[in-house]
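Engineer: make a model of this:
(2 chains)
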Protein chains: 2
Amino acid sequence: MSSRTFVIGVGMTKFEKIETRDWEYPDMVVEAVGNALADAGIEYSAVQRAAVGYVFEQSAAGQRALYDVGLTGIPVVNVNNNCATGSTALMLAREWVQSGLADVALAVGFEKMTRGALSPGAGGMPKVTPLDRHLKVLMANRGWANSPMTAQFFGNAAREHMERYGTTAEQIAAVAVKNHRHSVNNPYAQFRDEYTLEQVMGDKPIHEPLTRSQCSPTSDGAGAAVVVSERFVREHGLQDRAVEILAQTLVTDTGEAFETGSDIDVVGAPMTRAAAERVFAAAGLTVGDVDVIELHDCFSINEILTYEGLGMCAEGEGGKLVESGATTYGGRWVVNPSGGLISKGHPLGATGLAQCAELTWQLRGEAGARQVDGAKVGLQHNLGLGGACVVTLYGAGTLDQEG
Amino acid sequence: MSSRTFVIGVGMTKFEKIETRDWEYPDMVVEAVGNALADAGIEYSAVQRAAVGYVFEQSAAGQRALYDVGLTGIPVVNVNNNCATGSTALMLAREWVQSGLADVALAVGFEKMTRGALSPGAGGMPKVTPLDRHLKVLMANRGWANSPMTAQFFGNAAREHMERYGTTAEQIAAVAVKNHRHSVNNPYAQFRDEYTLEQVMGDKPIHEPLTRSQCSPTSDGAGAAVVVSERFVREHGLQDRAVEILAQTLVTDTGEAFETGSDIDVVGAPMTRAAAERVFAAAGLTVGDVDVIELHDCFSINEILTYEGLGMCAEGEGGKLVESGATTYGGRWVVNPSGGLISKGHPLGATGLAQCAELTWQLRGEAGARQVDGAKVGLQHNLGLGGACVVTLYGAGTLDQEG
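Structural biologist: Numbers count the residues shown, from 1 in each chain, chains lettered A, B, ... in the order given. Purely as a prediction, here's the structure:
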């Protein structure tokens, strides 16, 4: 199972505030898949298998969505893993190619969100299982507000980080300042406005210390990626455009995460750490080899937790890392050049594919005004509470080098 | 990708009429997985990946359900493909083992159904996509009653079969008589009562010619299977109990199915035919080599359509085949010894795993009073409207024979 796999086409819709565009989920999928196929330079008829991810739509929505692209009889598998759904679809597509089950596989992710979908008690709210087992404890310990459940989980983790490591509210807010600034150059982003630190910190409080502009918004959108074998890349002369998936790992929670009493552990930090360790080991790389990162900043604090989980700094030093400028243009890494979930938007099932699209563009040198100079290795981190975490390493020019 | 794969453990809950047992979906999963692990003689900690299928529960329900089995951090993928969900999970588990991604993979399927879930307009009803595109046409052409949408689809297909081939209502009802009779010996079946042809035909009309006892009921339940590599079977000396997955194919609809104007095509008959052809070719077998069959008799007519799709008789001859006794004990094949969906029950996500369990028991000679004498090759057919169809061939004693 050592076959190499490559992304040769990516596409997405602009992520939109809900109820902005008059579209249904098949419309989004047609647009994202159409963009990915055009980018790959192939017809849909070349696709041999498809994995379709989403959180809220009903059973077999993938077939319905692909109906409008073409009904070709290929195996279609509908998948979900909460907010890591998109990269779970990508994982299946990659494994199908890796194992020879397909030469050309399509990964799709989409979400048409509804107002209040993530509010406590909303019927449409995904149970962030197995966290639901811990909700009562959390409610008893800290009081439970009317803000979205996930904001409360991550807000509590932020408080713990502040108490334990002296991280400041300013450092946490600096993540949002950076990511909103990055998105100014991303035509696919829901928001494209810069904010000062004062504006972010003075924004509407959601769950202390998190303010509104530190939380990913409710978004519609879709993303897609075409994954192919090395043979396909060579036969079609796509070496220049192919981005290799160097390694990829999906992990889920272990029981320990819920036994430490730490809110940081409950929001998936141990999953990030475990996935990162395994993916670096599999690729024979370290985080020092990485140039550009798209990570799961569903809330500003999670970018800081993820710096630490990926080994970009020591535990507890994430706040200082963002403050130092090490994670923006001119720094050691550029993290979330797309604007991240906070500013680009977060249509749950689409996010993992949008991250893949951004890294593919970055590693090809096609990211325009938000291009990270000389980016050769990219890292994607996609986290779903309760849940799964998928970390993927991408490399550019890996076939060229071998001639 | 020629590695061989084996089912070494299966388990299910008894399928139950909804609102009979006081259980939530994790309870079902614990029971079915516990049974499968005990049957395999392994601990959950040996499981390296899990695919979990369901139709109605929300995102990442698999993680929540497995929480009660053990949180071990392994990759978990939640999947659905309408009524073919269970065998889609089985397919992923098998492919992970086949490709070396896991030595031991778990497939789980479950459903906690709700009253009226499948009625027209029910919020919980899975859109039988892409059939929803055709609903308006069907409604205009034939009138649309208050019976479940799927009953109307299959009832219309039955009428077409009667008109086109002279199939009689008695022949169609004979399927239900046979399957209800089979289930008398199945302790896992929701119904275990025999009915005469007169009773079945005189039962409450659902959608002509289908009466209530010709329709699968609304059921709760779960099923699970442990799939392992040849190495694992040999290392653990499980040759006697291991049932080989000889070949497996998942197909989806092609555009043609919706263009012929045939209701038989709309309910998936072309998918069955395509999947069967491919799986027989892959295994180097014909339907004449098969001894025992679990097929998707969601409605009695679909057993007849499936006889034809699997090549057990010529097109249009399915009614005569069931009437001849060729598909029950003493005949050429035994079809649905478990009682099938009609009598055993049909908790959507669980059905594919329950079919796998029955065939595993049959091929091991462990099916008790419903044992099919000398069964060596089994076929599973699991169909989801709009949709996917999975056909799987199983073989017993395939490692023994090679010593």
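
Engineer: residue A:386 and residue B:63 touch, don't they?
Structural biologist: Yes. Using CB atoms under 8 Å, residue A:386 is in contact with residue B:63, at 5.9 Å. (C-beta placed from N, C-alpha, C; glycine too.)

Engineer: name the helix or strand of chain A that has the lowest mean pLDDT.
Structural biologist: Lowest on mean pLDDT, DSSP states H and E among the helices and strands of chain A sits helix A:132-142, with a mean of 51.

Engineer: quick check: buried residues in the helix or strand following that one?
Structural biologist: Per DSSP states H and E, helix A:132-142 leads on to helix A:149-165 as the next helix or strand towards the C-terminus. Residues of helix A:149-165 classed as buried by neighbour count (16 or more other CB atoms under 10 Å in any protein chain shown): A:149-162, A:165.

Engineer: and the average pLDDT for helix A:149-165 is what?
Structural biologist: Mean per-residue pLDDT for helix A:149-165: 94.

Engineer: per-residue confidence at the residue nearest to residue A:337 when sequence neighbours are not counted?
Structural biologist: Nearest non-adjacent residue to residue A:337, counting by CB to CB, 6 or more residues apart in numbering or on different chains: residue A:370, 4.8 Å away. On the pLDDT scale, residue A:370 is placed at 98.

Engineer: does residue A:370 touch residue A:340 like I think?
Structural biologist: No. The criterion here is CB under 8 Å, and residue A:370 misses it with residue A:340 at 11.8 Å.

Engineer: which of these two has more residues huddled nearby?
Structural biologist: Applying other CB atoms under 10 Å in any protein chain shown to residue A:370 and residue A:340 shows that residue A:340 carries more neighbours, namely 33 against 20.

Engineer: tell me if I'm right that that one and residue A:181 touch.
Structural biologist: No. The criterion here is CB under 8 Å, and residue A:340 misses it with residue A:181 at 10.8 Å.

Engineer: partners of the helix or strand where residue A:389 lies in the sheet?
Structural biologist: Applying DSSP H and E as the criterion places residue A:389 in strand A:388-396. Next to strand A:388-396 in the sheet, as set by DSSP bridges, lie strand A:243-251 (antiparallel), strand A:377-384 (antiparallel).

Engineer: deepest-packed of the ones you listed, please.
Structural biologist: Among those, strand A:377-384 has the highest mean neighbour count (mean count of other CB atoms under 10 Å in any protein chain shown), at a mean of 28.

Engineer: quick one: mean pLDDT for that one?
Structural biologist: The average of the pLDDT scores along strand A:377-384 is 98.

Engineer: same check on stretch A:32-44?
Structural biologist: Across stretch A:32-44, pLDDT averages out at 98.

Engineer: start to end distance for stretch A:44-52?
Structural biologist: Stretch A:44-52 has its terminal residues 15 Å apart, counting by CA to CA, to the nearest Å.

Engineer: where does the prediction get shaky in chain A?
Structural biologist: Along chain A, the parts satisfying pLDDT under 70 run over A:1-2, A:116-147, A:400-403.

Engineer: the same query, at a cut-off of 80, please.
Structural biologist: Scanning chain A for pLDDT under 80 picks out the ranges A:1-2, A:114-148, A:400-403.

Engineer: ok so, going back, what do residue A:370 and residue A:340 both touch?
Structural biologist: Common contact partners of residue A:370 and residue A:340 (CB atoms under 8 Å, 6 or more residues apart in numbering or on different chains): residue A:182.

Engineer: strands of chain A, start to end?
Structural biologist: Secondary structure of chain A by DSSP state E: the strands cover A:5-12, A:16-17, A:49-53, A:76-80, A:104-111, A:205-207, A:210-211, A:219-229, A:243-251, A:292-294, A:334-335, A:377-384, A:388-396.

Engineer: what would those look like in JSON lines with distance to residue A:268?
Structural biologist: What follows is the strands of chain A, written out as JSON lines (distance: least, CB to CB, whole Å):
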{"stretch": "strand A:5-12", "distance to residue A:268": "24"}
{"stretch": "strand A:16-17", "distance to residue A:268": "26"}
{"stretch": "strand A:49-53", "distance to residue A:268": "18"}
{"stretch": "strand A:76-80", "distance to residue A:268": "16"}
{"stretch": "strand A:104-111", "distance to residue A:268": "19"}
{"stretch": "strand A:205-207", "distance to residue A:268": "17"}
{"stretch": "strand A:210-211", "distance to residue A:268": "16"}
{"stretch": "strand A:219-229", "distance to residue A:268": "20"}
{"stretch": "strand A:243-251", "distance to residue A:268": "10"}
{"stretch": "strand A:292-294", "distance to residue A:268": "16"}
{"stretch": "strand A:334-335", "distance to residue A:268": "17"}
{"stretch": "strand A:377-384", "distance to residue A:268": "5"}
{"stretch": "strand A:388-396", "distance to residue A:268": "6"}
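
Engineer: which one of those strands lies closest to residue B:57?
Structural biologist: Ranking the strands of chain A by their distance to residue B:57 (criterion: CB to CB) puts strand A:76-80 first, at 10.2 Å.

Engineer: sheet-wise, list the partners of the closest one with their directions.
Structural biologist: In its sheet, and by DSSP bridges, strand A:76-80 pairs with strand A:49-53 (parallel), strand B:76-80 (antiparallel).

Engineer: one step back: orientation of the strand holding residue A:389 relative to strand A:5-12 in degrees?
Structural biologist: Between strand A:388-396 and strand A:5-12, the angle comes out at 100 degrees (axes from the mean of the first three to the mean of the last three CA atoms, to 10 degrees).

Engineer: rewinding a little: neighbour count for residue A:386 and residue B:63, which is higher?
Structural biologist: Each of residue A:386 and residue B:63 has its neighbours counted (other CB under 10 Å); residue A:386 has more, 30 against 27.

Engineer: may I have the phi/psi pair for that one?
Structural biologist: Torsion angles at residue A:386 (phi, psi; degrees, to the nearest 10) stand at phi 60, psi 50.

Engineer: now do the contacts for the closest residue to residue A:109 other than its chain neighbours.
Structural biologist: Spatially, and ignoring its direct neighbours in sequence, residue A:109 is nearest to residue A:86 (3.4 Å; CB to CB, 6+ apart). Taking CB under 8 Å, 6+ apart as the contact definition, residue A:86 lies against A:53, A:107, A:109, A:223, A:349-356, A:382.
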